[in-house]
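Colleague: Provided below are the primary sequence and the corresponding predicted coordinates.
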Amino acid sequence: MSKKIRVGIIGVGNCFAGLIQGIEYYKKHRNKNPVGLMHVKIGPYSFDDIEFVSAFDVGANKIGQPLDKAVFASPNLVRWTKLPKSNVIVKESPILDGIGIYVENRIKPLKNPSPKEKLEKEIIEEIKKTKTEILVNYLPVGSQKATEFWAGIALKTGCAFVNCLPAFIASNKNWAAKFKRKRIPIIGDDIKGQIGATIVHRVLARLCDDRGTVIDKTYQINVGGNSVAGDQMILIKVNGEIKYTKIGEFIDGLMKNHKINVRGGGKEVIAKHSCSEKIECFTVDDNFKVKLAPIEAF
């Protein structure tokens, strides 16, 4: 029997709700063919070797609750299977930039949150007490400062760090070097849904290429229950100046200053021809070289 993997969760939201309930589902149906699992075992470890021993959140309705109850608290929507009672109590996490303007009306933080310095000390004590080995970061998209705080916690406690959102940590040379010096594993940044919009879009584009066709234009529309849309940070070039900004705030600014003259499928669209700014995004070509590409519409 393999040793249990002791995991701490940062952000008890929809993504984690899907993970913990998925693991419980396979535990209950272990004798059946595990449909939906890409890898039943990785080395000596199976899905039921994962043990959640600590959890942290900013929601007033989750802090202080047992993990099995917090998973189903608002605004979480994932309800696949009943969870066994848990002895893990959700602890307070600092907010920092972890609640963007597009989720602040859904996530209700504590009215009187504790100071960051006090929370840092308490979090380190909780991680040591629970013998947490891996920290999985499920904070909302756009939580750069909060993610950096938790990356620092991982370095101070010797925990491996799995960064599940597009905040630059594993892909940042300075942060990667810090983890390498301490010989602490780090992986990220971001994860994809199993059959989500990104992977479906990518496979369809590859299919077109394999079949000898040429794609002139392509786009994808994401519909989900998380904050990946408006609060996601993007790196773009506007009139020759590089900006790192939240995509929702950037588009809101465009909508205030430019006429919305195209509607498609019920969506408001700002087309390139009606926008005075020259806006470009960073992309990767077939040779894996980063290049700039013009944005046709928002």
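Modeller: Yep, that arrived. Remember, predicted model here, so these are calculated numbers, not experimental data. Numbers count the residues shown, from 1 in each chain.

Colleague: which one is the residue nearest the centre of the chain nearest to, not counting chain neighbours?
Modeller: Centroid check for the chain by CA atoms, centre = their mean gives residue 165 as the closest residue, at 3.0 Å. Nearest residue to residue 165, sequence neighbours excluded (CB to CB, 6 or more residues apart in numbering): residue 141, at 5.2 Å. For glycine as for every other residue, the C-beta is placed from the backbone atoms N, C-alpha and C.

Colleague: hmm, that neighbour is touching residue 147, no?
Modeller: No - with contact defined as CB atoms under 8 Å, residue 141 does not reach residue 147; the gap is 10.1 Å.

Colleague: overlap of the contact sets of these two?
Modeller: residue 165 (CB atoms under 8 Å, 6 or more residues apart in numbering).

Colleague: more crowded one of the two?
Modeller: residue 147 (27 against 23; other CB atoms under 10 Å).

Colleague: looks like that one contacts residue 167 (just checking).
Modeller: Yes - using CB under 8 Å, residue 147 is in contact with residue 167, at 4.0 Å.

Colleague: between those two, which contacts overlap?
Modeller: Joint contacts of residue 147 and residue 167 (CB under 8 Å, 6+ apart) are residue 139.

Colleague: figure out the helix or strand that the residue located most distally from the centre of the chain lives in.
Modeller: Going by CA atoms, centre = their mean, the residue of the chain most distant from its centre is residue 212, 34.9 Å out. For residue 212, there is no host helix or strand (DSSP states H and E).

Colleague: can you pull the phi and psi angles for it?
Modeller: Here is the backbone geometry of residue 212 (degrees, to the nearest 10): phi 80, psi 10.

Colleague: how about it, what does it touch?
Modeller: Taking CB under 8 Å, 6+ apart, one finds nothing in contact with residue 212.

Colleague: if I look at it, how far off is residue 218?
Modeller: To residue 218, residue 212 is 16 Å away according to CB to CB, to the nearest Å.

Colleague: try residue 33
Modeller: Counting by CB to CB, the gap from residue 33 to residue 218 is 35 Å.

Colleague: and for residue 202?
Modeller: Distance, residue 202 to residue 218, by CB to CB: 10 Å.

Colleague: neighbour count for the two, which is higher?
Modeller: Taking neighbours as other CB under 10 Å, residue 202 and residue 218 compare with residue 202 leading, 12 against 9.
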